[in-house]
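>>> give me a 3D structure for the following:
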Amino acid sequence: MHNLDHSRNILVKVLLAGSVIYLFLPVVGQALPRDRVIIALVTAAISYLVGDLLLLPRWGPVTTAITDVFLIWASVMLTASFLPSTQITSQGAFIVGVAGGIIEWFFHMFLKQAPPRLRD
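Numbering: from 1, shown residues only. Predicted structure coming up:
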């Protein structure tokens, strides 16, 4: 894959993860805007590296989206544990993970529909 393609995919991933976390985290927990951005960046990085680059080519979009629910849950819980002003329960992080997993499925469909040079 060309570096520009990775850049574009990462940008889309950060925007998607950021949207989900920025919108859902205040509903299910407590986090400062700065902390939500940090959680979104960490979550997007983990999800892109593990989910999109490692698992998606091997398992396909549906299984990877289901796995992303747990990746997002774990990354939200782990990152929030290092941010003292952030409070979220495991159930709240799971809700964020489910919302993120649904969005991830659409992102996988986007990647699948991309021209071949963007998928390699």
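
>>> where does this structure dip in pLDDT?
1-4, 114-120 (pLDDT under 70).

>>> number of nearby residues for the nearest residue to Ile102 once chain neighbours are set aside?
Closest residue to Ile102 apart from its sequence neighbours, by C-beta to C-beta, 6 or more residues apart in numbering: Ala65 at 7.5 Å. C-beta: built from backbone N, CA, C; applies to glycine. By the criterion of other C-beta atoms under 10 Å, Ala65 has 23 neighbours.

>>> correct me, but Ala65 touches Glu104?
Yes - assessed by C-beta atoms under 8 Å, Ala65 is found in contact with Glu104 at 4.7 Å.

>>> need the contact list for the closest residue to Ser19 other than its chain neighbours.
Among residues not flanking Ser19 along the chain, Ile103 sits closest, at 7.7 Å (C-beta to C-beta, 6+ apart). By C-beta atoms under 8 Å, 6 or more residues apart in numbering, Ile103 lies in contact with Leu16, Ala17, Ser19, Val20.

>>> ok, of the residues you listed, which come out buried?
Buried subset of the contacts of Ile103 (neighbour count, 16 or more other C-beta atoms under 10 Å): Leu16, Ala17, Val20.

>>> for the longest helix along the chain, packing partners?
If you go by DSSP state H, the chain has its longest helix at helix 3-28. The contact analysis (3 or more C-beta pairs under 8 Å, 6 or more residues apart in numbering; DSSP states H and E) places helix 3-28 against helix 33-46, helix 61-81, helix 90-113, helix 116-119.

>>> of the ones you listed, which is nearest Phe24?
helix 90-113 (4.8 Å; C-beta to C-beta).

>>> starting at the chain centroid, how far to the closest one?
7 Å (C-alpha atoms, centre = their mean, to the nearest Å).

>>> need the CA coordinates for it. PDB is fine.
Provided in PDB are the C-alpha atoms of helix 90-113 (Å, rounded to 0.1, in the frame of the first residue of the first chain):
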ATOM      1  CA  SER A  90     -16.500  -1.400  31.700                       C
ATOM      2  CA  GLN A  91     -20.100  -1.400  30.500                       C
ATOM      3  CA  GLY A  92     -19.900   2.100  29.200                       C
ATOM      4  CA  ALA A  93     -16.700   1.300  27.400                       C
ATOM      5  CA  PHE A  94     -18.400  -1.700  25.900                       C
ATOM      6  CA  ILE A  95     -21.200   0.500  24.600                       C
ATOM      7  CA  VAL A  96     -18.600   2.700  23.000                       C
ATOM      8  CA  GLY A  97     -17.000  -0.500  21.600                       C
ATOM      9  CA  VAL A  98     -20.300  -1.700  20.100                       C
ATOM     10  CA  ALA A  99     -20.900   1.700  18.500                       C
ATOM     11  CA  GLY A 100     -17.300   1.700  17.200                       C
ATOM     12  CA  GLY A 101     -17.700  -1.800  15.900                       C
ATOM     13  CA  ILE A 102     -20.700  -0.800  13.800                       C
ATOM     14  CA  ILE A 103     -18.800   2.100  12.400                       C
ATOM     15  CA  GLU A 104     -15.900  -0.100  11.700                       C
ATOM     16  CA  TRP A 105     -18.000  -2.400   9.600                       C
ATOM     17  CA  PHE A 106     -18.800   0.600   7.400                       C
ATOM     18  CA  PHE A 107     -15.100   1.500   7.300                       C
ATOM     19  CA  HIS A 108     -14.300  -2.000   6.200                       C
ATOM     20  CA  MET A 109     -16.900  -1.700   3.400                       C
ATOM     21  CA  PHE A 110     -15.300   1.600   2.400                       C
ATOM     22  CA  LEU A 111     -11.900  -0.100   2.200                       C
ATOM     23  CA  LYS A 112     -13.300  -3.000   0.300                       C
ATOM     24  CA  GLN A 113     -14.900  -0.600  -2.300                       C
END
